[in-house]
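Colleague: quick check, what structure comes out for this input:
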Amino acid sequence: MDLLACVEQNVAAALREDVGGGDITAELLAADAWAQARVITREPAVLCGVPWFDEVYRQVDEHVTVAWHVCDGDVLQAGQEICRLDGPARALLTGERVALNFLQTLSGTATVVRQYVELLAGTHAKLLDTRKTIPGLRCAQKYAVRCGGGTNHRMGLHDGVLIKENHIAGCGSITAAVRASRRLNPGKPVEVEVESIGQLEEAIEVGSDSALLDNFTLDMMFEAVTMNAGRIKLEASGGVDRGTIRAIAETGVNYISVGSLTKHLRAIDLSMRIDA
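Modeller: Residues are numbered from 1 along each chain as shown. Alright, predicted model coming up:
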């Protein structure tokens with residue numbers, strides 16, 4: 001799915017959920033009332049979600065205009081005005097919560113990603129996301145990861161093979177699983193999750209594109225990098241947080257995946273105010 005289609009579908013679903021048969025509170029305002037509003041952030045953040053915010057008001061009422069002072073990926077300071085809106089007062093209020101929900105949620109993801117990326121500065125490791133996303137918001141959260149400076153792993157089960165322990169058990173071996181992957185889906189990248197140096201050796205020998213080092217210790221990662229000698233890409237996963245990621249990167253792995261980027265989410269505190 002392309003980004004535009006993703007945005008349109010996300011917003012349509014969110015508006016159905018929130019507005020339903022109509023905003024009966026907004027009916028308190030005169031139908032012809034016009035208003036201006038502004039959105040501010042109450043804390044430092046990395047902005048993300050502009051396309052979703054704009055699409056909310058496009059679907060609610062195309063007469064609403066949004067003037068942005070910043071762009072997705074920009075660093076915000078507490079108290080900073082992000083944008084100004086102008087349009088029918090009812091429409092501004094009807095779209096407020098849905099628009100802010102997207103903006104604060106995606107900015108929360110982008111902000112955490114940027115914090116992790118900064119911890120990797122000076123190393124060769126890239127930060128990866130995972131499939132541990134909010135149901136229905138995968139495309140949006142992976143966009144937020146990119147805005148924060150991270151790199152997307154596979155979007156879903158359809159665009160890359162990741163052979164895990166249960167797949168290995170079902171196929172009988174890493175070798176059998178990789179060969180079957182090449183036969184069934186030629187051209188698709190193949191990654192193998194390994195739990196030991198011996199399994200890594202097998203994944204390299206059979207020709208996998210990359211290996212996920214599952215809960216390796218730092219010593220095991222150093223050994224894996226040395227033994228691999230650049231033949232395939234190595235991804236570290238498990239036990240990664242702000243306190244450990246730098247040391248993991250310094251082992252020489254190519255990628256570090258962190259599920260909490262999109263799973264353990266704290267939304268940014270944003271506010272919209274109608275001008276008096």
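Colleague: just for this protein, where's the confidence low?
Modeller: 1, 276 (pLDDT under 70).
Colleague: strands of that one, start to end?
Modeller: Ranges of strands in the chain, per DSSP state E, are 34-41, 45-46, 65-68, 75-76, 81-88, 126-128, 161-163, 190-194, 210-214, 233-237, 255-257, 270-274.
Colleague: CA atoms of the first one as PDB?
Modeller: The C-alpha trace of strand 34-41 is given here as PDB (Å, rounded to 0.1, in the frame of the first residue of the first chain):
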ATOM      1  CA  TRP A  34     -15.800  30.700  11.300                       C
ATOM      2  CA  ALA A  35     -12.700  30.300  13.600                       C
ATOM      3  CA  GLN A  36      -9.000  30.100  13.800                       C
ATOM      4  CA  ALA A  37      -6.900  27.700  16.000                       C
ATOM      5  CA  ARG A  38      -3.400  26.800  16.800                       C
ATOM      6  CA  VAL A  39      -1.600  23.700  17.800                       C
ATOM      7  CA  ILE A  40       1.300  23.800  20.300                       C
ATOM      8  CA  THR A  41       3.500  21.100  21.800                       C
END
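Colleague: the strands of the chain: which one's closest to Asp54?
Modeller: Closest to Asp54 of these is strand 65-68 (C-beta to C-beta; 5.7 Å). C-betas here are computed from N, CA, C, even on glycine.
Colleague: what sits up against the closest one?
Modeller: The contact list for strand 65-68 (C-beta atoms under 8 Å, 6 or more residues apart in numbering) reads 50, 53-54, 57, 82-87.
Colleague: mind listing what Thr251 touches?
Modeller: Contacts of Thr251 by C-beta under 8 Å, 6+ apart are 218, 221-222, 225, 236.
Colleague: Leu127: neighbouring residues, count only.
Modeller: 23 (other C-beta atoms under 10 Å).
Colleague: what of Asn215?
Modeller: 11.
Colleague: leaving out sequence neighbours, find the closest residue to it.
Modeller: Once flanking residues are discounted, Asn215 sits nearest to Gly238: 3.7 Å by C-beta to C-beta, 6 or more residues apart in numbering.
Colleague: touching, the one you found and Leu212? I think so.
Modeller: No - look at Gly238 against Leu212 with C-beta atoms under 8 Å: they stay out of range, at 9.0 Å.
Colleague: and the two? which has more neighbours close in?
Modeller: Ranked by neighbour count (other C-beta under 10 Å), Gly238 and Leu212 place Leu212 first, with 26 against 16.
Colleague: partner residues bridging the more buried one?
Modeller: For Leu212, the beta-bridge partners are Glu193, Glu235 (DSSP bridges).
Colleague: contact partners for it?
Modeller: Applying C-beta under 8 Å, 6+ apart to Leu212 gives the contacts 162, 191-194, 235-237, 257.
Colleague: which of those residues lies closest to Ala247?
Modeller: Of those, the one sitting nearest to Ala247 (C-beta to C-beta) turns out to be Ala236, at 10.3 Å.
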